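> I would like the atomic coordinates for the input below:
(chains A, B and C)
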Amino acid sequence: MTLLEIEGLSMTAGTGSAARRLLDEVSFAISPGTITGVAGASGSGKTMTGLSVMGLVPDGTHITGSIRFDDRELVGLGNREYNGLRGAKLAMIFQDPAASLHPMLSIGRQMTDHLRFHTGISRSQARSRAAEALERTRVPDPVGALKKYPHQFSGGQLQRIAVASAIVCEPRILIADEPTTALDVTVQAGVLRLLRELCDDLDLGVLLVTHDFGVLSSIADDIVVMQNGVVVERGPREATITAPQHAYTRSLIESLPGSEVLR
Amino acid sequence: MSAPRETRTTGPNPLHGSQPADGTADGAALPGNAPGAGADAVARGIPRWRLRVPTALRTPLGIVGGAIIAVWVLIALFAPILCPADPLAQAFPRLQPPGPGNLLGTDELGRDVLSRVLSAARTTLPVAVLVVLASMLAGSILGAVAGYFGKFVDEVIMRLADLVFAFPTIILAMVIAAALGPGLKNAVVAILLVSWPSYARVARSLVMSARSSEYVVAGRLLGFSAPRSLAVDIAPNVASPLLVLGTLSVGEAILTMAGLSFLSLGAVPPTPDWGAMVSEGVANFSAWWIALFPGLAILTVVMAFNFIGDSLRDALDPRTARTVGEQTS
Amino acid sequence: MSAQAPAGQRLRRAPLPPLARYILIRLGISALLIFGVTVVTFLLTNLVPADPAQAILGDRAAGNPEIVERTRQELGLDKPLIVQYFTYLGNLLQGDLGVSNQTRQPVAQSIANVFPASIELGLGAILISVVLGLILGLVSALKRNTAVDHAIRAISLIGISAPTFWIATVAYFVFFFKLRAVPGAGRLDPWLQPPPKVTGLYTVDALAAGQWPVFVNALSHLVLPSIVLSLFTIGLLTRFSRSSVLDVVGLDYVTAARAKGLPPRTVIFGYIFRGALVPIITVVGLAFGSLLSGAVLTETVFAWNGLGQYAYRGATKLDLPVIMGVGLVIGIVYIGINFLVDLIYGFIDPRVRVR
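Predicted structure coming up:
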């Protein structure tokens, strides 16, 4: 069963002779309860793939192809209908939690505004659901945290808060764009473990975008490798790591520390 | 705070190789987008910060601004030929409306308004540019000294700057000009005194960030003296934002000067002066032409300088532009 | 920033809450600046003129050496500079700003009389500029590189390029002399009595006294001068809010807000605008300074009997005590406004408010 199916997704920037292809016929699928890892160097189109699913492509770009979510076509969907899905069914977390949370709004406000918009529940109900979500992502003192502001937390905790904010509406798909790149090495593993846990417990379909192949090889179920906007390889984790088909994938695997041991 | 982008690929000293050559955007300005292109420029003896200027001005606003200023410069140069009458001669009937005899009318003393507007450009333009250059020089040196030496020197200079910022510009200029007495020279001194701190602030922050960069530290380790370090290693890297700020400030200087002469604290009559002419117009409301045309002259010149300044600022890298922007509108 | 527990402990141990500390520091800086401003006016009044006694006496008496000498003694010019300064400061603290050379009226009293008129004009203008400046800046940034944006940028550039006193002259000529669309000069039609003085602002006082026709008349007199005065600051605020909104729209937290499916209105006002607000508020303080300068240059045109007209008369007659008094008062008001701006800044930015 697939939850999200991307087929022949292409993205162009600019028009006429100046047009550039950012994505070229990208296809892969995400099932509930699995983590699909997208790997690739910067500029390979992995972030654009994530933003396309959210319908948040940059101005001046144009996408064709198909993104099907729960039997709904997302490409070409109107902004109003899309807003009903974003945050509610499709959630996203970003690379730097310190930048993706508004510095002047309290955590409580940022965790409840979309919850209340999507569900229409009362402020106090929303706050208690937000506190539950914070508890789930293991932020200490969830109720107290709601009253605080982003600058009062460490990077690792902010990313947990961002994850809590993303899952508070109980979405089906979570797009995580380099969620550990900006974090201390010591807290990266914790955040990854949290993603794995939420994926299993909530039956989430997770799209994990990263340039770090090591991250994928440890937690992804399926791996998609992209290069210059093209999917060069996709498949289950073991198969991809033990028997890579494409030269670029092989070079990624070989660059992993301790890859000699793997052989 | 970063050094201006266009200087990053090539430094003024042989140690610039230690700088990260991450200036991908430099390609727009440097021919060929090759690291060697900047070095060619050095070989040809062109200072690097100039490379970008012509490109930066090739915006619609920059071109319009440049054209307007070119026209005014020509007017200033050839005013004696262009003026239909002696700007000081009270040779016509008083308060004549614009017509075939006097294209822009006459003032209350029977002088030709067109001739007065044109010849006022001869004092306004050079004085404005001079006062900006002087305050840019003074402010940059003070700011650079403050940023380079820090501590006590920094405190004294920057607290003085704060004090100037405690007043609205024209108010402080008015107070100083009044104490010195009316006259163009005193107005210039007043504007100089109120405008140096903007440059000092920008120069200080640029120098402070340049001071700790590797090529400056390396120069110091090689035994360069402080003045040499400032002049050779730092100055070329902080010059272009200061020049942009200077361009942006010419308009402001003209406005302040016009304000002072409107308050009778500028050029002494009967010297033709735009601000003073508007002031005469206020006294003769129904003779609208006395105030209208000199005001239009101020507007076009100031606007042209703002157009150019804007285009130049857009060409600076964003963080430097921010420092410059904080000092102007 | 570490975990919350240590932060909490630090909070408990701290002698003052962060906001109080912040306010005290800003207050101290403002006090120092006011002290500096008095030094500046003192030096300009007592040192810079070739001979202050002659400057104060004016042309008529300056020719007589005996009177000059007597005045020097009266003024304490024979005493050491530092003594002179403290005498000056003592006088200031008692509300003594000297006497006008022209009218022989105490400067402090005259300023007190005309000050409310300028406040009324300044408030009108700042209201117009903040509302229009922020809206235009926001629209311009959100519609970046469209015709709307280009139009707004061009207009705001003209706004900051035109000399205010000239705009005032032209506007007065067109809207009063030609179109008769606004009432003439002054704050009130001459046949109307000013409302009983409470604040000195005619509009407010008229409302307080329930004098509806007076209020309407005062307001109609206020409209043109405030619009003219606000043109420069509208340009200033438009340009600045455009660039600070542009700085914010590309940030991750805006994309994150969109990714939460929030409606555009919430994203724009709740996230983008709030993020852009802090730098904008700082510029509102600067804008007030431009308004004060603008008032000095425009009130005369509208025969608006405020601080500006008083300063203009002082300047054209080279009435030094008047000019210094106005400079001092405007300097102090400006410092006060920037202190208020710092306060607002402290209240809206949690990074200052809570640590």
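
> hey, where'd the strands end up in the stretch 151-263 of chain A?
Here the stretch 151-263 of chain A has its strands, by DSSP state E, counting those that start in this stretch, at A:173-177, A:205-210, A:222-227, A:230-236.

> how far does the longest one sit from the chain's center?
In this case it means strand A:230-236. Taking the mean C-alpha point of strand A:230-236 and that of its whole chain, the gap between them comes to 18 Å (CA atoms, centre = their mean, to the nearest Å).

> Please apply the same query to stretch A:62-76.
Worked out by CA atoms, centre = their mean, stretch A:62-76 lies 17 Å from the chain centre.

> Tell me which of the strands of the stretch 151-263 of chain A approaches chain C most closely.
When the strands of the stretch 151-263 of chain A are compared by CB to the nearest CB, strand A:173-177 sits nearest chain C, at 8.2 Å. Backbone N, C-alpha and C define where each C-beta goes, glycine included.

> Neighbouring strands of that closest one in the sheet, and parallel or not?
For strand A:173-177, the paired strands and their directions (DSSP bridges) are strand A:90-93 (parallel), strand A:205-210 (parallel).

> As JSON lines, those with mean neighbour count and mean pLDDT would be great.
Supplementary listing: those in JSON lines, determined by neighbours: other CB atoms under 10 Å in any protein chain shown; pLDDT from 0 to 100:
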{"stretch": "strand A:90-93", "mean neighbour count": "26", "mean pLDDT": "91"}
{"stretch": "strand A:205-210", "mean neighbour count": "25", "mean pLDDT": "91"}
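
> For the stretch 151-263 of chain A, which segments count as helices?
In the stretch 151-263 of chain A, the segments counted as helices under DSSP state H, counting those that start in this stretch are A:155-167, A:185-202, A:213-219, A:237-242, A:247-254, A:259-262.

> With distance to residue A:131 as new columns, can the strands of the stretch 151-263 of chain A be given to me in JSON lines?
What follows is the strands of the stretch 151-263 of chain A, written out as JSON lines (distance: least, CB to CB, whole Å):
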{"stretch": "strand A:173-177", "distance to residue A:131": "20"}
{"stretch": "strand A:205-210", "distance to residue A:131": "23"}
{"stretch": "strand A:222-227", "distance to residue A:131": "33"}
{"stretch": "strand A:230-236", "distance to residue A:131": "37"}
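
> Can you check which of these gets nearest to residue A:141?
With CB to CB as the criterion, residue A:141 lies closest to strand A:173-177 of those, at 24.4 Å.

> tell me the secondary structure for the residue most central in space within chain C?
Against the mean C-alpha coordinate of chain C, by CA atoms, centre = their mean, the closest residue is residue C:288 at 3.4 Å. Using DSSP: H, G, I helix; E, B strand; the rest coil, the secondary structure recorded for residue C:288 is helix.

> returning to what we had before: quick one: closest of the strands paired with strand A:173-177 to residue B:250.
If we rank those by CB to CB, the stretch that ends up nearest is strand A:90-93, at 47.9 Å.

> Figure out how far the very next helix or strand once past the closest one is from the centre of its chain.
Counting by DSSP states H and E, the next helix or strand C-terminal to strand A:90-93 is helix A:97-100. Using CA atoms, centre = their mean, we find the averaged C-alpha position of helix A:97-100 to lie 14 Å away from the chain's own average C-alpha position.

> which residues sit against helix A:97-100?
Residues outside helix A:97-100 that contact it (CB atoms under 8 Å, 6 or more residues apart in numbering or on different chains) are A:93-94, A:150, A:155, A:158-159, A:161-162, A:182, C:251-253, C:255-256.

> Residue B:162 contacts residue C:37, doesn't it?
No. The pair formed by residue B:162 and residue C:37 falls short of the contact definition of CB atoms under 8 Å, at 10.8 Å.

> Neighbour count for those two, which is higher?
residue C:37 (22 against 15; other CB atoms under 10 Å in any protein chain shown).

> what's the distance between the more buried one and residue C:308?
19 Å (CB to CB, to the nearest Å).

> Look at the residue of the stretch 151-263 of chain A found nearest chain C and report its pLDDT.
Distance from chain C to each residue of the stretch 151-263 of chain A (CB to the nearest CB) is smallest for residue A:151, at 5.1 Å. With respect to pLDDT, residue A:151 has a value of 90.

> Only C-alpha atoms, please: export stretch A:242-252 in CSV.
Coordinates of the C-alpha atoms in stretch A:242-252 are reproduced here as CSV (Å, rounded to 0.1, in the frame of the first residue of the first chain):
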residue,chain,number,x,y,z
THR,A,242,25.0,-4.3,-0.4
ALA,A,243,24.4,-4.2,-4.2
PRO,A,244,24.4,-0.6,-5.5
GLN,A,245,23.6,-0.4,-9.2
HIS,A,246,24.8,3.0,-9.9
ALA,A,247,28.3,4.3,-9.8
TYR,A,248,27.3,7.4,-7.8
THR,A,249,25.6,5.3,-5.1
ARG,A,250,28.8,3.2,-4.9
SER,A,251,30.9,6.3,-4.4
LEU,A,252,28.5,7.5,-1.6
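
> What residues of it count as buried?
Under the neighbour-count criterion of 16 or more other CB atoms under 10 Å in any protein chain shown, stretch A:242-252 has A:244, A:248, A:249, A:252 buried.

> picking that back up, redo the contacts of helix A:97-100 as a markdown table? Include distance to residue C:350.
Listed next are those as a markdown table, based on distance: CB to CB, whole Å:
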| residue | distance to residue C:350 |
| --- | --- |
| A:93 | 22 |
| A:94 | 21 |
| A:150 | 9 |
| A:155 | 18 |
| A:158 | 14 |
| A:159 | 20 |
| A:161 | 15 |
| A:162 | 18 |
| A:182 | 21 |
| C:251 | 17 |
| C:252 | 18 |
| C:253 | 14 |
| C:255 | 21 |
| C:256 | 18 |
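
> Check the residues you listed and tell me the two furthest apart.
Comparing all pairs in the contacts of helix A:97-100 by CB to CB, the longest separation belongs to A:155 and C:255, at 18.4 Å.

> residues near residue A:211, how many?
Residues near residue A:211, counting by other CB under 10 Å, number 17.

> go on, residue A:201?
Close neighbours of residue A:201, defined as other CB under 10 Å, add up to 11.

> Point out the other helices and strands that the longest helix along chain B packs with.
In terms of residue count, the longest helix belonging to chain B (DSSP state H) is helix B:113-149. Identification of packing neighbours for helix B:113-149 by 3 or more CB pairs under 8 Å, 6 or more residues apart in numbering or on different chains; DSSP states H and E yields helix B:60-82, helix B:151-165, helix B:184-211, helix B:235-262, helix B:274-283, helix B:288-315.

> buried ones in it?
By neighbour count on 16+ other CB under 10 Å, the buried set for helix B:113-149 is B:113-125, B:127-129, B:131-132, B:134-136, B:138-148.

> can you check stretch B:70-90 too?
Buried residues in stretch B:70-90 (16+ other CB under 10 Å): B:72, B:75, B:76, B:79, B:83, B:85, B:87, B:88.

> quick one: which of those residues is nearest to chain C?
residue B:72 (13.6 Å).

> which residues sit in contact with that closest one?
With CB under 8 Å, 6+ apart as the criterion, the residues that contact residue B:72 are B:121, B:125, B:300, B:301, B:304.

> which one of the residues you listed is nearest chain A?
The shortest separation between chain A and any of the contacts of residue B:72 is 31.9 Å, and it belongs to residue B:304 (by CB to the nearest CB).
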